[in-house]
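Chemist: curious how this folds, go ahead:
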Amino acid sequence: MTKSCIISAVTAAVLSISAGAAFAESHAMANPMVGGAEMFADKNIVENAGNSADHTTLVAAVTAAGLVDTLAGEGPFNVFAPTNDAFAKINPEQLAALLLPENKPALTQILTCHVVGKAVLFDALNGMISDDGGEHPVPTLGGCTLMAKYEGDMITLTDERGQVATITIADVMQSNGVIHVIDTVMLPAE
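Modeler: I've put the predicted structure just below:
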């Protein structure tokens, strides 16, 4: 085998390994689809949530509460993002009232009870639950404490009123944190 053939063979092998590694890395890092939309790890929480058909009510509420700039900010944030179906569990008149300007403080507290001031991935939260004997307190920026438990292969969150949400889609990476989609709106104590 000539020197140029050896160099060509080595170069081809290196390129093949590099391409395979790049392919594996891009697929290992792929975000789940949310609300029929691709989620991009290089976009912020507001940008990605705005693309999800399942989060139009959340985006409207974040806008009404004046939290767009905050959740588009540097972070890191962990957002437990309730779906439209989660908001539909709330009485429609109460939800409409919450979106009124005069109820902005209450809406802001409810929304910030879904936000943690650091990004916590599903496996790390599971580890914290295990370390704490099956239940882990999750303090939020809204002053609420959610209790996280592991139920089968799912993590649930219980709010201060006893309502339980399940994380239905975990680890949606964002440029400024992570989103975990939940199926119930978390509320502060009355």
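Chemist: ok, longest strand in this structure?
Modeler: Criterion DSSP state E: the longest strand present in the chain is strand 164-174.
Chemist: from the chain's centroid, how far away is that strand?
Modeler: Its chain's C-alpha centre and that of strand 164-174 lie 5 Å apart, by C-alpha atoms, centre = their mean, to the nearest Å.
Chemist: list the helices and strands the next helix or strand after that strand packs on?
Modeler: Heading C-terminal from strand 164-174, the first helix or strand you meet, by DSSP states H and E, is strand 177-182. For strand 177-182, the elements it packs on are helix 45-51, strand 77-82, strand 164-174, judged by 3 or more C-beta pairs under 8 Å, 6 or more residues apart in numbering; DSSP states H and E. All C-beta atoms are positioned from the backbone trio N, CA, C, and that covers glycine.
Chemist: lowest mean pLDDT across these, which one is that?
Modeler: Mean pLDDT is lowest for helix 45-51 out of the helices and strands packed on strand 177-182, coming in at a mean of 92.
Chemist: which residues are contacting it?
Modeler: 34-35, 37-40, 55, 58-59, 62, 68, 71-72, 75, 77, 79, 81, 172, 174, 176-177, 179 (C-beta atoms under 8 Å, 6 or more residues apart in numbering).
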